[in-house]
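>>> Sequence below, structure please.
(one chain, ligands or ions: 1)
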Amino acid sequence: MVKAIVGANWGDEGKGKITDLLAEQSDVVVRFQGGANAGHTIICDYGKFSLHLLPSGVFYPHTMNIIGNGVALNVESLMRELRSLEDGGVPMPKLMISERAQILMPYHVLFDAYEEERLGGKAFGSTKSGIAPFYSDKYAKNGIQVADLAAPERLHSRLEYICQLKNVMLEHLYHKPLLDVELLYDQLMSYRDSIWPYVGDTVTYLHNAIRDGKTVLLEGQLGSMKDPDLGIYPFTTSSHTVAGFGCVGACVPPHTLQDVLCVTKAYSSSVGSHAEPFVCELTGEAGEELRRRGGDAGEYGATTGRPRRVGWFDAVATRYGCAVQGATQVALTCLDVLGYLDEIKVVTAYEIDGELTDVFPVPARLERAKPVFTTLPGWKCDIRGCTDYSALPAEAKGYVDFLEAQIGVPITMVSTGPKRHEITRRR
Ligand code: GDP
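Below is the predicted model:
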C-alpha cells in the first residue's frame, strides 16, 4: 500500500518530522518531485539534520530510500548530504536512484542566477538552485537522464545539441561565458562515478514492492500553494507538489495510493518573494515575535536561512490545500508555538472587491483578497512536549476542533515540539 505525506500550504509545515515518524513504519520512502531547493529538518537519535534531496528514511537501516524519476537530481548536493550523514555517525543508508531521473546540470544553477539578475527587482525569489531551468529543459526535451551517463555517444551528441542552444542565450541575452561540451562531458563522467552504485530500475522495484505488500511512503516537498497548476502561480515551484503527481514522479499505480497525510502548521509561514500574495500575514512587532518563537529555532528557511513571512492560520487556503492534495488525514504541527498568545486569530474568509468568500481564488483575484478573521481564546501556557492529547488545555483542544471543522478533514496528529516523540495522537 502507498501513502503520501505532503504539505497543505507554502512548505515548511513540519513535514520532515512527521515523515520521519512514518518512515520508521515504511519499507520504502520515495522522493517524487523537486530537488535540493527545499529542506526538511529532522531531529532524530543521531542529532539534527537538514535533508534536501535524500528521502527521510535514511535514518532507518530497514528502509529503502528512492530518488524517483520526477526528481531534479543535483549530484553534488546528494554527495554532500550523504557525507553529512556519515559525519553525523548515521550508518550508510539503502539508496536507489532512478535511471530515469534527470540530472540537474551546473548550467541550470547558472541560468537560475542569471535570470534573477536580469529580472532585478522583479525576480520571483528563486532559491537559485537551478530548479526552474531544470524542469524547463526537461519538458522542452533538453534534459539528460541518469541512464545516459552509461551511453557515451548518445550523451555526447545530446550535450552538443544542448550547448548550441544554451550558448545563444548566454552570448546574446545574458552576456556570460559560454558552455564547453568537453568540460561538461568530463563533469558528467565524474558524476557517473559517484552515483553509479546506487542507480537502478526503480519502476520495477516499486511495482514489485507493492505487489509483495510492502508499505511505500511518497515524500512530498513544499506544499499545495507551490504547485505550478494549483498554487499561487507564478510564485510556485516548477514541479507538482500534489500527492497525485507521486503516481508519475515515483511511478506507482494510482489505485495503490490509499492514504494522503497532509501536514499543516498551527499558524502560517511562507518563504519566498514578498511580491507573493500572503493574505494571512502578520507584520510588525507581532509578526516578529511569532517568527522568533516559531518552529524549532525561529522561522528561517532550512535551505536558504531566509526569514519566513508569518501569519495566522489561513483556513481558506488550507481547506483548498488539503482538497487539491486529496487529504485523507491531517497532521497539525507547532501547536506549542502559540502558547504565548492571549487570543489567536484564524482567517476564515476572504473579502475580495467587497464580497466575502471562503473559496480559495485564482492568483489574479487572490492579489486583491483581504483577510476576515475569527478570534479564539489562547491557552497561555507551555504545552511543549505533551504526548497526551486529552491532557491539553481546553482552549488548545478547542482551537484544534475549530481548525478541523474549517478544513473538513480529520486532524489525527497534533505535534507539540520539534523532537520525534513530541506528538499527540488524536484518534
Ligand atoms: P518541512 O519542510 O515541512 O519539513 O518543514 P521544516 O522542517 O523546514 O520546518 C519546520 C520547522 O518546525 C523545523 O524547524 C522543525 O524542527 C520544526 N517543528 C516541526 N514540528 C514542530 C512542532 O510541533 N513544534 C515546534 N515548536 N517546532 C516544530
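>>> When you work out contacts or count neighbours from here on, use the C-alpha atoms and nothing else.
Noted.
>>> And residue 40, its phi and psi?
The phi/psi pair for residue 40 (degrees, to the nearest 10) reads phi -100, psi 140.
>>> what's near enough to touch it?
12, 14-17, 50-52, 302 (CA atoms under 8 Å, 6 or more residues apart in numbering).
>>> switch the cut-off to 10 Å
11-17, 19-20, 49-56, 221-222, 301-303 (CA atoms under 10 Å, 6 or more residues apart in numbering).
>>> Leaving out the residues flanking it, which one is nearest to it?
In this structure, residue 40 finds its nearest non-sequential neighbour in residue 16, 4.6 Å apart by CA to CA, 6 or more residues apart in numbering.
>>> which residues of the stretch 201-350 of the chain score low on pLDDT?
302-304 (pLDDT under 70).
>>> what does it have sitting close to the ligand?
295-296, 302, 333-337 (CA under 6 Å from any ligand atom).
>>> mind running it again at 5 Å?
295-296, 333-334 (CA under 5 Å from any ligand atom).
>>> Work out for me the element the residue nearest the centre of the chain sits within.
Note on the chain: the residue nearest the mean C-alpha position is residue 221, at 1.9 Å, using CA atoms, centre = their mean. Per DSSP states H and E, residue 221 falls inside strand 216-223.
>>> same check, this time on residue 277
For residue 277, there is no host helix or strand (DSSP H and E).
>>> Surely it is in contact with residue 366?
Yes - applying CA atoms under 10 Å, one finds residue 277 in contact with residue 366, separated by 6.7 Å.
>>> Stretch 188-202: end-to-end distance?
Start-to-end span of stretch 188-202 (CA to CA, to the nearest Å) is 21 Å.
>>> again, but for stretch 46-59
8 Å.
>>> Same question for that stretch: list its buried residues.
Residues of stretch 46-59 classed as buried: 49-59 (neighbour count, 16 or more other CA atoms under 10 Å).
>>> Is it in proximity to the ligand?
No - Stretch 46-59 stays out of contact with the ligand when judged by CA under 5 Å from any ligand atom, the minimum separation being 7.7 Å.
>>> How far off centre is that stretch?
13 Å (CA atoms, centre = their mean, to the nearest Å).
>>> wait, what's in contact with the residue nearest to the centre of the chain?
So residue 221 contacts 5-7, 10-13, 15-16, 31-40, 52-53, 239-242 (CA under 10 Å, 6+ apart).
>>> coming back round to it: can you pick out the most distant pair from the residues of the stretch 201-350 of the chain next to the ligand?
296 and 333 (11.2 Å; CA to CA).
>>> Tell me which of those two has more neighbours.
Per other CA atoms under 10 Å, whichever of residue 296 and residue 333 has more neighbours is residue 333, with 25 against 16.
>>> What residues are bridge-paired with the more buried one?
residue 265 (DSSP bridges).
>>> That one touches residue 415, doesn't it?
Yes - Residue 333 is within contact range of residue 415, at 4.5 Å (criterion: CA under 10 Å).
>>> what touches both of those two?
Residues touching both residue 333 and residue 415 (CA under 10 Å, 6+ apart): 14, 17-18, 265-266, 423.
>>> how about the helices in the stretch 301-427 of the chain?
All helices of the stretch 301-427 of the chain, identified by DSSP state H, counting those that start in this stretch, fall at 315-325, 363-366, 394-407.
>>> Hey, what's the angle from the first one to strand 216-223? Just curious.
Put simply, helix 315-325 runs at 140 degrees to strand 216-223, going by axes from the mean of the first three to the mean of the last three CA atoms, to 10 degrees.
>>> What of the last one?
Direction vectors for helix 394-407 and strand 216-223, defined by the same axes, to 10 degrees, enclose an angle of 90 degrees.
>>> Thank you kindly, that will do.
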